[in-house]
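Trainee: Prediction below, plus the sequence it came from.
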Amino acid sequence: MTKFTQNHRVMSIVLACFQNMTLGGIFFGWASISGGLLVSSASEGGPGLSTNYVHMIFVVASFCNFLGPLILGIVLDSYGPRVCSVVSILLITVGSAMFALSDTDSLPLFVPGMCLIAFGGPGTQNAIIHLSNLFPEWKATATSFIVGSFQLSFVVFLVFDQLWAHLQYSYTTLFMGYCVLCVANIAVSLFMWPDEPYNLEDSMAEQAQLLESESAASAGSVALVRTNGAEGRIAHVPEKPKTHGLSSIRLPSVMVHKKHRDPNQFKSTHEYVPVPSQEERQQYTLAPSGPNATTKVNGTGAEEQGLLQANKTFDLKEASFNEQTTSPEFLYLTFFFLVNSFWANFYLGTFDMQLGDKHNLSGEQRHVFAEYFTLVITLGVISIFPVGALMDRRGFPATSLLCIGSGVIWAMLLVLDSPERHLLMVSFVFYSIFRTSFYTFFFAYLADVLGFRYFGMLGGIIFLLAGIAGMLQIPLAAYGAGDCHILTANQLTCDKGNWDKINMVMVLMVASTLYFTYQDYVRRQQAAKSLSENTANKTTSGNIELGRPTPANQGTAYGAV
């Protein structure tokens with residue numbers, strides 16, 4: 001049995017956050033270098049790219065960024081977190097080296113170089129999401145820290161900009177230096193990440209062993225136990241060898257047969273079967289008090305099959321790939337992600353143009369605002385803990401409501417903002433909250449509802465669809481752009497573009513994703529009602545007690561164990 005010490009758990013999360021902070025989303029700090037470093041001349045330390053070319057790099061690299069989760073997700077599902085992480089970081093390293101060696105005349109590798117950087121980023125993040133299972137009591141919060149550290153990676157390009165502006169480091173020196181940091185991260189992946197994702201069985205193994213020893217005289221019994229918030233139906237989980245943690249490096253093979261469980265099989269006595277949400281788990285409990293205990297459901301003997309059947313509708317984690325991709329939960333989540341990610345990235349890619357067209361800012365002023373913007377969205381990491389705690393305490397519907405609400409306010413501020421820029425800085429804050437909570441919520445929800453069995457491929461499909469939709473940014477930006485952002489334009493007679501119209505459409509589309517929140521809330525309410533009715537219809541057999549917890553026994557195991 002794998003022993004997960006507290007130091008191992010904490011160190012794993014710290015290293016995961018460091019990796020995600022330095023690799024996961026550096027591409028999304030684009031606003032820091034798009035209007036300064038990248039458009040500066042060779043004598044100033046930049047490559048001298050045009051504004052249109054810079055925007056084209058962003059759009060193409062955005063597509064590659066969304067394509068990455070699908071391809072690297074297959075690597076994750078087939079070869080495990082260690083290999084997926086190493087491959088992803090190698091891609092970022094090669095891309096950074098290509099960008100550093102690029103030249104507008106002799107070796108224009110800016111597009112493929114940035115594409116590799118953007119492509120590899122999601123793979124580094126997906127390879128560490130499973131570490132949240134090391135903290136079953138605070139799973140959503142741990143996920144929030146890992147995913148939220150992605151937000152801190154935006155600051156990498158801001159550091160590039162500061163080193164270029166104040167110490168005159170060239171883009172070649174900056175990107176080659178970044179390769180060294182990538183190599184250090186490869187070492188972390190090789191020696192720290194496991195060959196297979198951690199799961200809740202791993203982190204609760206000692207708990208299961210204790211339960212086995214205490215109930216040795218009651219073979220075949222089943223108990224629903226509450227242990228400081230980490231609950232589940234545990235049916236004699238046996239010890240089994242693991243290859244996690246600081247295990248020797250193996251060469252995994254996709255040819256190794258993986259056992260796929262029938263989603264309709266609930267009779268296995270070797271599975272940890274998750275139960276519904278925390279509030280629903282607090283309401284009912286089942287406790288054994290003797291050997292060969294059976295359950296009578298509506299007067300018929302059902303043993304464990306009937307006992308666990310009530311939970312079938314709550315658990316998609318063991319469903320087949322086709323069942324998961326056609327489930328309402330997956331389809332609604334895809335809709336939620338496509339709409340919100342499109343507008344979040346559209347604003348990021350057109351930030352410099354919108355400042356120039358709508359606010360008549362000079363190139364130097366836009367550069368200052370870009371620094372403020374990157375700093376504010378990086379500080380969005382502060383909201384990680386509240387968002388994670390909200391998911392743990394209040395659930396996913398409340399968290400998605402916060403996410404969408406902040407997105408609507410941000411978009412409305414862009415519509416209402418005047419050329420005097422009174423509301424611009426406020427909009428940065430709400431954008432930061434929106435973006436941080438959005439990605440944190442997405443990964444936590446995907447893992448919680450659909451599990452890790454096809455996590456890489458499911459996330460990859462959604463990201464691929466978002467990448468295809470993201471190609472619409474090019475014609476949409478062309479429609480919205482005026483010519484005031486061009487430095488040589490006459491600011492009195494220039495065209496300010498159609499940004500207000502686009503931003504109004506953005507308000508309506510982001511608000512439309514409240515339908516996802518509504519459907520998720522309704523589904524959970526129906527599931528809770530179904531569980532309540534199924535449990536109320538069960539009659540007490542000689543050795544199984546059905547009971548509703550009282551204030552006196554909440555927080556402990558219920559019934560006789």
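Mentor: Looks like it arrived, so ask away. From a predicted model like this one, the values you see are computed outputs, not experimental measurements.
Trainee: Do me a favour and average the pLDDT over stretch 194-209.
Mentor: The average pLDDT within stretch 194-209 is 62.
Trainee: Okay, now the unreliable bits of this protein?
Mentor: Within the chain, the stretches with pLDDT under 70 are 1-4, 140, 199-315, 360, 418-421, 487-491, 538-561.
Trainee: Longest helix in it, please.
Mentor: The helix that spans the most residues within the chain, counting by DSSP state H, is helix 328-359.
Trainee: tell me how far that helix is from the chain's mean position?
Mentor: 16 Å (C-alpha atoms, centre = their mean, to the nearest Å).
Trainee: Show me what the helix or strand following it is packed up against.
Mentor: Counting by DSSP states H and E, the next helix or strand C-terminal to helix 328-359 is helix 363-378. Packed against helix 363-378 by the contact rule (3 or more C-beta pairs under 8 Å, 6 or more residues apart in numbering; DSSP states H and E) you find helix 31-34, helix 139-152, helix 155-167, helix 328-359, helix 424-450. In short, each C-beta sits where N, CA and C put it, glycine included.
Trainee: Please identify the buried residues of helix 363-378?
Mentor: Across helix 363-378, burial judged by 16 or more other C-beta atoms under 10 Å covers G363, R366, H367, F369, A370, E371, F373, T374, V376, I377, T378.
Trainee: JSON lines for the residues you listed, including distance to G113?
Mentor: JSON lines is the format used below for the buried residues of helix 363-378 (distance: C-beta to C-beta, whole Å):
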{"residue": "G363", "distance to G113": "25"}
{"residue": "R366", "distance to G113": "24"}
{"residue": "H367", "distance to G113": "23"}
{"residue": "F369", "distance to G113": "27"}
{"residue": "A370", "distance to G113": "21"}
{"residue": "E371", "distance to G113": "24"}
{"residue": "F373", "distance to G113": "24"}
{"residue": "T374", "distance to G113": "21"}
{"residue": "V376", "distance to G113": "28"}
{"residue": "I377", "distance to G113": "24"}
{"residue": "T378", "distance to G113": "23"}
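Trainee: G395: which of the residues you listed is nearest?
Mentor: I377 (26.1 Å; C-beta to C-beta).
Trainee: Touching, the closest one and F428? I think so.
Mentor: Yes - counting by C-beta atoms under 8 Å, I377 does reach F428; the two are 7.0 Å apart.
Trainee: all helices of the stretch 451-561 of the chain, in order?
Mentor: Using DSSP state H, counting those that start in this stretch, the helices of the stretch 451-561 of the chain run over 455-470, 473-480, 499-512, 514-537.
Trainee: Pull the residues that contact the first one.
Mentor: Residues from elsewhere that reach helix 455-470, judged by C-beta atoms under 8 Å, 6 or more residues apart in numbering: 59, 62-77, 84, 122, 126, 129-130, 197, 321, 324-325, 330, 333-334, 337-338, 341-342, 345-346, 443, 446-447, 450.
Trainee: and the angle from that helix to helix 328-359?
Mentor: 40 degrees (axes from the mean of the first three to the mean of the last three C-alpha atoms, to 10 degrees).
Trainee: list the buried ones in helix 455-470?
Mentor: So helix 455-470, judged by 16+ other C-beta under 10 Å, has buried residues 455-467, 469-470.
Trainee: coming back round to it: so which of the helices of the stretch 451-561 of the chain is nearest S170?
Mentor: The nearest among the helices of the stretch 451-561 of the chain, by C-beta to C-beta, is helix 473-480 at 28.8 Å.
Trainee: which other helices and strands contact that closest one?
Mentor: Other helices and strands packing on helix 473-480, by 3+ C-beta pairs under 8 Å, 6+ apart, are helix 51-79, helix 328-359, helix 499-512.
Trainee: Which positions within the first one qualify as buried?
Mentor: Applying a neighbour-count criterion of 16+ other C-beta under 10 Å, the buried positions in helix 51-79 are 51, 53-73, 75-79.
Trainee: Measure how that helix sits relative to helix 455-470, angle-wise.
Mentor: Orientation check (the same axes, to 10 degrees): helix 51-79 against helix 455-470 gives 160 degrees.
Trainee: Name the residue closest to the centre of this structure, please.
Mentor: Nearest to the mean C-alpha position of the chain, by C-alpha atoms, centre = their mean, lies F443 at 2.9 Å.
Trainee: what residues are up against that one?
Mentor: Counting by C-beta under 8 Å, 6+ apart, F443 has contacts Q125, I129, T143, V147, G459.
Trainee: so where do the helices sit in the stretch 101-250 of the chain?
Mentor: 110-126, 139-152, 155-167, 171-192, 200-203, 205-214.
Trainee: For the spatially closest residue to G45 that is not a sequence neighbour, give me phi and psi.
Mentor: Of all residues not flanking G45 in the chain, S170 sits nearest, at 4.0 Å (C-beta to C-beta, 6 or more residues apart in numbering). For S170, the backbone dihedrals are phi -80, psi 160 (criterion: degrees, to the nearest 10).
Trainee: Okay then, goodbye and thanks.
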